[in-house]
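S.K.: sequence and predicted structure are below.
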Amino acid sequence: MKKKTRDIFFVFIAAIVIFAVTAIAMVFPSGDDGFITEKAFEGDKEIVLTTAQPVKNVPAAEAFTVFEENDPDIQVHPQSVSVDGKKIHLTFSDRLNQSNAHMVKAPELAEGTGPVATEVSRSYWGFLLSILISALLINNYVFTKYLGLCVFMGTSKRKTTATGMGIVFTIVMLLSAVMSWLANRYILVPFHLDFLQVVVFIGLVSLTVQAVDTILRKVNPILFNAFGVFLVLVIANCIIIAVPLYMASNQYNLIETIMLALGAGGGFLLALYLMSSVRERLELAQIPECFKGLPIAFIVAGQFALAFLGFSGLQIG
Amino acid sequence: MANELSKGQLVARGLLSQNPVFKLALSMCPAVGMSTSIKTGLMLGVAVLFVQVFSSLTISLFKNWIHPRIRIPTYTLTIATWVTVIDLVLSAAFPAAYAEMGIFIKLIVAFAIITMRLEMFACKETVSDSLFDAVGMGLGFMFGMVTIGFVRELLGSGMVFGYDLLGFKPLLFFILPCAGFFVVGLMMAFFNWIEAKYRDAREQKS
Amino acid sequence: MSNAAFKDITSIVIRLTVTCLLAGLIMGWAFILTHEGKEKNEQLRDEKVMYSILGYDKSNPAPATMAMHTIYRYVLTNGDSQSIGYLLPIGEKYGVVELDLGGQFVRQIPVDAVASKLRNEGERNSVMQQAVGNQTEIRYADSMIIVTNAGERTAYILDGKYPGFKTTIRVKMALDAQFSMLGFEVLEHEEDPGLGAEIVEKYFRGQFEGKSFEQLKSAKVIREDMPDDYRAALTGKITGKEAAEIRQKHVGDDIYALTGATISSRSVLNGNQAMVSKFHHRMTVLDEAIKAQGIQTPF
């Protein structure tokens, strides 16, 4: 039984990651605009361009002009340019503000290719991945945003219940986030009804829970017997309402919303799994009488939270 | 079902023996996340008190009219309505406090404590009893938030209610977000310990 | 379907509808009551932040002769060529001054609009589009405020955002006419509470106040303990003339990093440096163009 739970857990986490990666890969085939095949920021002060052919005419640093998308009147030149095969490294004296897109202009780098004008920004791929990883680890809803604790404490006693809760939660999260996005994008925003967000989002969550409940009961009663109890708990979990609110305030698009929902659900599952692994062992440990039960669980959760603080500031993409 | 407790007992029950933070262990998210100072704890407490009282009143007023099959959706809708109202009022009247509490005001809608009181109490009892029960629960929540906030503010930044009391910061750790877990856990243990002592003493006497 | 079940469903539907209507009424009423106050509050808060970074408060109110003039900057794209369009007050009304990327004057277009109308982004964009013609693509970049006192330029207020340790930090900054820092306020950030979030505290922000353009440009973040007298003066434990003297003594210091948040401190310094140096460059170019063309601006 124990092994099976672990298998379910890992299969599910793997499914989330694979789904996310394929979704991103399908929507965004790798970019290619002629001579420059890849461009990216590297470190704080560097831009790296990858070219289709080896660079023949290496221009001086002054020949490159770089400016932020919104500041074409303030142009800077790299401090130094180094070429290594197909890679051109532009190093700058000041830190680049990487949250803005940078335009790079340069004269012809190889014969017959024409002058270069390209835009460098943090890749969208990386941005999507960063939403996922951020919701999963850096801003884990349980350990760094302190949400969903009631359900978290209630269902993390056994690995089996923990995994079940986590999976049901992720599925409902995904469905309700997509519905909330639709409602927000096509009803609330166009009609300036933002102040109804809370009512609409919680209504959609109840609706999703009810729908999953009914469908599961009819389609797969065995699965319903295993997971049905968790469905009621989903609605008492503040993460389920926090995610749509966060999505609305950040004006995410549909794919970004899906990433956020997957990250939040997966993060909850991860937190539950970690916690239940510890709490199963805690039962065998000798704990002072007054610490038994919830108090020690909170202290363990605090230690996890401290550990998760270490993810803070992790940079992706 | 009639309620045997007096009004005073109803309030006291929410504050002490059934304190929503330390005893019922419901609504833990704000207790950990929003308790870095007394002020934020108090403000969120006021908001919860408001929502609890108004939702309880609404439900107990209309209790005979609510169809049993749609009980839960009605509760959710009622709570969501009052949360929206307090959200709008706070953002207009106290923008600074509102900015500090951020998303937590909207999240009151998912606090288990409010739904639970509606289901367990307000839908069965009279309007006045529900009012006192709601006040008791709201005050109990506020009391829990303020206590945790007091400990964290004093130990973390050496201040009480924004006034510098100690003049130095004893343990910066307590102001860190994750310290909320430790403070809540330790205080729960502390209350358990007091209860056990009290029970032992009484048993020895008898 | 049996009669009883049908009755049940009808009753549920009716009750649910009535509940929703009631809820809608309450929320709509609350919205109407609070809507105006909210907007007014936002404007008031904006003004309060501006006055506070300029150094005015209740005990030291701003002079009545003070005026604020907003300049909106747009990036204009016409085919391959780009230029900058400044929407600024000219005489009684507004006008567009277009400069090319090298800072050379291109043209001046009068615009029929007043300041209050331009505050709304939609209206401002349509005014701008009308002025430059439909072939030109416009993109709003940022705005800056020039503060004058009796016609004399006294300060600049800029908005900006830059990456912090975790996410973006949004600030409002005031510079005096010589581009030294008067102060800045952090409007939004998501740094870690207790660590990076300390950037909003006076003892950190205060270090920037009074730094001249050159001093700010050459400042670095150092991981040293802040001298006790400087900290006391910044946190308000020492006040009055003594505090001013201590702060004057340390104004050329580097920026003392926040404990446990060196990266956040460095982000703020770098962000502020970039903001000020960009603005310095832009303002100099714009001033030259205004002077050379003899454009009548109120600043």
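M.R.: All right, it came through fine. This is a predicted model, so every value here is computed, not measured. Residues are numbered from 1 along each chain as shown, chains lettered A, B, ... in the order given.

S.K.: contact residues of the stretch 201-317 of chain A facing chain B?
M.R.: A:202-203, A:206, A:235-238, A:240-242, A:245-246, A:288-291, A:294-299, A:301-302, A:305-306, A:308-309 (CB under 8 Å from any CB of the partner chain). (Each C-beta comes from the backbone N, C-alpha and C, glycine too.)

S.K.: roughly how far does A:Glu42 sit from A:His89?
M.R.: Relative to A:His89, A:Glu42 is positioned 8 Å away (CB to CB, to the nearest Å).

S.K.: buried residues in the one helix or strand C:Asn125 maps to, which are they?
M.R.: Assessed by DSSP states H and E, C:Asn125 sits inside helix C:121-132. Buried residues in helix C:121-132, defined by neighbour count with 16 or more other CB atoms under 10 Å in any protein chain shown: C:Arg124, C:Asn125, C:Val127, C:Met128, C:Ala131, C:Val132.

S.K.: my guess is the first one contacts C:Tyr72. True?
M.R.: Yes: under the contact definition of CB atoms under 8 Å, C:Arg124 touches C:Tyr72, with a separation of 6.4 Å.

S.K.: what do these two both touch?
M.R.: C:Leu87, C:Leu118, C:Tyr140 (CB atoms under 8 Å, 6 or more residues apart in numbering or on different chains).

S.K.: pipe those into JSON lines and attach distance to A:Asn139, neighbour count and pLDDT per row.
M.R.: Formatted as JSON lines, the shared contacts of C:Arg124 and C:Tyr72 follow (distance: CB to CB, whole Å; neighbours: other CB atoms under 10 Å in any protein chain shown; pLDDT from 0 to 100):
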{"residue": "C:Leu87", "distance to A:Asn139": "39", "neighbour count": "24", "pLDDT": "90"}
{"residue": "C:Leu118", "distance to A:Asn139": "38", "neighbour count": "20", "pLDDT": "83"}
{"residue": "C:Tyr140", "distance to A:Asn139": "30", "neighbour count": "16", "pLDDT": "89"}
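
S.K.: among those, name the ones in helices.
M.R.: Of the positions in the shared contacts of C:Arg124 and C:Tyr72, C:Leu118 sit in helices, assigned by DSSP state H.

S.K.: and which of the shared contacts of C:Arg124 and C:Tyr72 is nearest A:Phe35?
M.R.: Nearest to A:Phe35 among these: C:Tyr140, at 31.9 Å, using CB to CB.

S.K.: list the contacts for A:Ile241?
M.R.: A:Val198, A:Phe201, A:Ile202, A:Val205, B:Lys106, B:Leu107, B:Val109, B:Ala110.

S.K.: to clarify, my last question referred to A:Leu231.
M.R.: Contacts for A:Leu231 (CB under 8 Å, 6+ apart) come out as A:Val168, A:Val172, A:Val209, A:Val212, A:Asp213, A:Leu216.

S.K.: closest to chain A out of the shared contacts of C:Arg124 and C:Tyr72?
M.R.: Of all the shared contacts of C:Arg124 and C:Tyr72, C:Tyr140 has the smallest distance to chain A: 8.8 Å, by CB to the nearest CB.

S.K.: how near is that closest one to A:Gln75?
M.R.: Taking CB to CB as the measure, C:Tyr140 falls 20 Å from A:Gln75.

S.K.: the lengthiest helix in chain C near chain A anywhere?
M.R.: Longest helix of chain C, by residue count under DSSP H: helix C:3-54. Yes: counting by CB under 8 Å from any CB, chain A has neighbours in helix C:3-54: C:Ala23, C:Met27, C:Phe31.

S.K.: list buried residues within the residues you listed.
M.R.: The neighbour count (16+ other CB under 10 Å) marks C:Ala23, C:Met27, C:Phe31 as buried among the residues of helix C:3-54 next to chain A.

S.K.: turn those into a markdown table, columns for pLDDT.
M.R.: Listed next are those as a markdown table, based on pLDDT from 0 to 100:
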| residue | pLDDT |
| --- | --- |
| C:Ala23 | 89 |
| C:Met27 | 89 |
| C:Phe31 | 89 |
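
S.K.: between the residues you listed, which sits nearest A:Ser156?
M.R.: C:Ala23 (34.8 Å).

S.K.: what sits closest to the closest one if chain neighbours are left out?
M.R.: Nearest-residue entry for C:Ala23: B:Thr81, 4.2 Å, with adjacent residues in sequence omitted and distances by CB to CB, 6 or more residues apart in numbering or on different chains.

S.K.: do A:Gln98 as well
M.R.: Leaving aside its sequence neighbours, A:Gln98 sits nearest to A:Phe41 (CB to CB, 6+ apart; 5.1 Å).

S.K.: the one you found against A:Ile47, yeah?
M.R.: Yes: using CB under 8 Å, A:Phe41 makes contact with A:Ile47 at a distance of 6.0 Å.

S.K.: looking at those two, which is more packed in?
M.R.: Neighbour count, other CB atoms under 10 Å in any protein chain shown: between A:Phe41 and A:Ile47, A:Ile47 has more, with 23 against 18.

S.K.: doesn't that one belong to a strand?
M.R.: Yes: according to DSSP: H, G, I helix; E, B strand; the rest coil, A:Ile47 belongs to a strand.

S.K.: identify the bridge partners of it.
M.R.: When assigned by DSSP bridges, A:Ile47 has beta-bridge partners A:Phe41, A:Leu90.

S.K.: quick one: pLDDT of the residue lying closest to C:Tyr51 once chain neighbours are set aside?
M.R.: In this structure, C:Tyr51 finds its nearest non-sequential neighbour in C:Ala62, 6.0 Å apart by CB to CB, 6+ apart. Looking at C:Ala62, its pLDDT reads 80.

S.K.: could you look up the SS state of C:Ala62?
M.R.: coil.

S.K.: which residues touch it?
M.R.: C:Tyr51, C:Leu54, C:Tyr56 are the contacts of C:Ala62 under CB under 8 Å, 6+ apart.

S.K.: what's around the closest residue to chain C within chain B, how many residues?
M.R.: Going by CB to the nearest CB, chain C is nearest to B:Ala92 of chain B, at 3.8 Å. For B:Ala92, the neighbour count with other CB under 10 Å is 21.

S.K.: what's the closest of the shared contacts of C:Arg124 and C:Tyr72 to A:Phe12?
M.R.: Distances from A:Phe12 to the shared contacts of C:Arg124 and C:Tyr72, taken by CB to CB, are shortest for C:Tyr140, at 44.9 Å.

S.K.: of A:Glu42 and A:His89, which one has the most company?
M.R.: A direct count of neighbours by other CB under 10 Å for A:Glu42 and A:His89 places A:His89 higher, at 15 against 11.
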